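>>> Below is the sequence, then the predicted model.
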Amino acid sequence: MITKRIIPCLDIREGRVVKGTNFVNLRDAGSAVELAQRYYEEGADELVFLDITATEEKRKTLLELVKQVAAVLRIPFTVGGGISEIKDIEMLLKAGADKVSLNSSIVKNPELITQAAKRFGSQAVVAAIDTKRIGDQIKIFVKGGKEETDRIGLPWCKEVVERGAGEILLTSMDHDGTKSGFDIEFLSQVTENVSVPVIASGGAGSKEHFAEVFLQAKVDAALAAGIFHFQELNIGELKNYLQSQSISVRV
Amino acid sequence: MIVVVEYGAGNTASVANALSQLGVEYKISDNEMLVGKADKIIFPGVGEASSAIRQLHLNNLFTMLRVVKKPLLGICLGMQLLAEHSDEGDVACLGVVPTTISKFPEAKGFPVPHMGWNSVKVNNDSPLFEGIKQDEFFYFAHSYYMPINEFTIAKADYGIPITAAIRNRCHYGVQFHPEKSGEAGLRILKNFVDLCS
């Protein structure tokens, strides 16, 4: 039986893990390799590393870190942040990443999804989409949530899938860091309308929020950062709880 | 010596890392002679089937992998390439197992790619699964699948039953990624290295 995935996200700046609220106010949360190891031992199903400063500072994701993580981690991991060219993707996958997550670059150049999927396979291409409610619309934001675009939520989700993205990592900026629960409403719309796995992100504050997003929004995976980094919620305990709610997880 | 086949379609880094963790010596190579001289061959693969087959032809590895009498382990796309044919790019594959690789049908509740940890039922006492409990979880990431056939030694369920592992004499294959499946995955690799013949 396929299981729902729990994915800790490590926001990386200069090799350290940081976490902010609503995309700002960064706090230090420790060494990336050590945290990765801890999550692996706690039972994380996958990890995501986002080099959050990469886009704005125009620097490339930390290849060295990817190599170090790949050497010790025996679960899949995704790397994102500032990836704008095929050769960036190739370097990251060669260094040991299993997937790359593309965000600002694909809004600017959607063709990058098509090329990446063709070259490396859809399973290696995650479309990361940051959304915010503006009036009655869901708008797409880029550059770490700093820049609003013309793109609208659902049509953009459908387009990335048509172009070959193998997964959607959907982050609600309104919910991110608030611990008030995931954006069930929009996530449900997306899982209803796309054919690829959807990873929910933004708003996890309790184990109940995870159960809610799996049962109601029918997502395939849920991602969180702060709640795991600061040990407010242990992944093992979370999975035991989900299992008690008849949600299939790997324990 | 274990040789991990590098042919421009495999993510050899992860397999190499896993072997290092197990303390297994290996070489990574695209050289026909070196691969032919290996004691055992690991044949990883990600990406698209027809371009992978083209790479095998370019490296003169196609025929050698077909006929080689050494234990071989195909991983993910590497397993699929052991089939007769793949619908992905409509390409003739190595023909070690007489079956065709097809795309997952569209089905509600089963998004494609099949991505994540799925439980595997072993229906054969193959040395590859020595010490692995029934319904153990392994990590899968694929959009095309191998149907159940006479060489299936383990299966998984994703809306439809699919082949999770095969064996035809010394040719083995796993659809999941043992190098990304935690301790159970490492055990599969170790079993292949230590026990499979």
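Ah, there it is. Numbering: from 1, shown residues only, chains lettered A, B, ... in the order given.

>>> Spatially, what comes nearest to residue B:114 if we skip its sequence neighbours?
Counting by Cβ to Cβ, 6 or more residues apart in numbering or on different chains, residue B:158 is the residue found nearest to residue B:114 once chain neighbours are left out, at 4.8 Å. In short, each C-beta sits where N, CA and C put it, glycine included.

>>> for chain B, what spans make up the strands?
Using DSSP state E, the strands of chain B run over B:2-5, B:26-29, B:40-43, B:72-75, B:83-86, B:91-92, B:97-103, B:114-122, B:136-142, B:144-145, B:152-158, B:160-168, B:171-174.

>>> Just the C-alpha atoms of the third one, please, in CSV.
Presented in CSV, the C-alpha positions along strand B:40-43 are these (Å, rounded to 0.1, in the frame of the first residue of the first chain):
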residue,chain,number,x,y,z
LYS,B,40,28.8,-8.4,-10.4
ILE,B,41,27.1,-5.6,-12.3
ILE,B,42,24.7,-3.0,-10.9
PHE,B,43,22.7,-1.3,-13.6
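
>>> and it, anywhere near chain A?
No - taking Cβ under 8 Å from any Cβ of the partner chain as the criterion, strand B:40-43 and chain A are apart, separated by no less than 15.7 Å.

>>> Mind listing the strands that strand pairs with, and their directions?
The strands beside strand B:40-43 in its sheet (DSSP bridges) come out as strand B:2-5 (parallel), strand B:72-75 (parallel).

>>> Provide a list of residues in contact with residue 46.
You didn't pick a chain, so chain A it is. When contacts are counted by Cβ atoms under 8 Å, 6 or more residues apart in numbering or on different chains, residue A:46 touches A:5, A:7, A:75, A:76, A:77, A:78, A:221.

>>> Chain B, not that one
A:120, A:121, A:123, A:124, B:9, B:10, B:11, B:76, B:77, B:141.

>>> can you list those residues in JSON lines and add pLDDT and distance to residue B:130?
Shown next, in JSON lines, are those (pLDDT from 0 to 100; distance: Cβ to Cβ, whole Å):
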{"residue": "A:120", "pLDDT": "89", "distance to residue B:130": "33"}
{"residue": "A:121", "pLDDT": "89", "distance to residue B:130": "31"}
{"residue": "A:123", "pLDDT": "93", "distance to residue B:130": "28"}
{"residue": "A:124", "pLDDT": "94", "distance to residue B:130": "31"}
{"residue": "B:9", "pLDDT": "66", "distance to residue B:130": "29"}
{"residue": "B:10", "pLDDT": "66", "distance to residue B:130": "25"}
{"residue": "B:11", "pLDDT": "74", "distance to residue B:130": "26"}
{"residue": "B:76", "pLDDT": "96", "distance to residue B:130": "21"}
{"residue": "B:77", "pLDDT": "95", "distance to residue B:130": "25"}
{"residue": "B:141", "pLDDT": "96", "distance to residue B:130": "25"}
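
>>> Filter those residues down to the buried ones.
Buried by 16 or more other Cβ atoms under 10 Å in any protein chain shown: A:120, A:121, A:123, A:124, B:9, B:10, B:11, B:76, B:77, B:141, out of those.

>>> and the residues you listed as JSON lines, adding distance to residue A:112?
Below are the buried ones among the contacts of residue B:46 laid out as JSON lines (distance: Cβ to Cβ, whole Å):
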{"residue": "A:120", "distance to residue A:112": "12"}
{"residue": "A:121", "distance to residue A:112": "15"}
{"residue": "A:123", "distance to residue A:112": "17"}
{"residue": "A:124", "distance to residue A:112": "13"}
{"residue": "B:9", "distance to residue A:112": "20"}
{"residue": "B:10", "distance to residue A:112": "23"}
{"residue": "B:11", "distance to residue A:112": "20"}
{"residue": "B:76", "distance to residue A:112": "24"}
{"residue": "B:77", "distance to residue A:112": "23"}
{"residue": "B:141", "distance to residue A:112": "20"}
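
>>> Determine which two of those are furthest apart.
B:9 and B:141 (14.5 Å; Cβ to Cβ).

>>> so residue A:42 touches residue A:235, yeah?
Yes - contact criterion Cβ atoms under 8 Å: residue A:42 and residue A:235 qualify, at 4.1 Å.

>>> ok, the two, which is more surrounded?
residue A:235 (21 against 17; other Cβ atoms under 10 Å in any protein chain shown).

>>> list the contacts for the more buried one?
By Cβ under 8 Å, 6+ apart, the residues touching residue A:235 are A:6, A:8, A:39, A:42, A:43, A:44, A:228.

>>> with those in mind, which one is nearest to chain B?
For these, the residue nearest chain B by Cβ to the nearest Cβ is residue A:43; the value is 8.9 Å.

>>> what about that closest one, neighbour count?
Residues near residue A:43, counting by other Cβ under 10 Å: 19.

>>> wait, it sits on residue A:251?
Yes - if you go by Cβ under 8 Å, residue A:43 and residue A:251 touch, sitting 6.8 Å apart.
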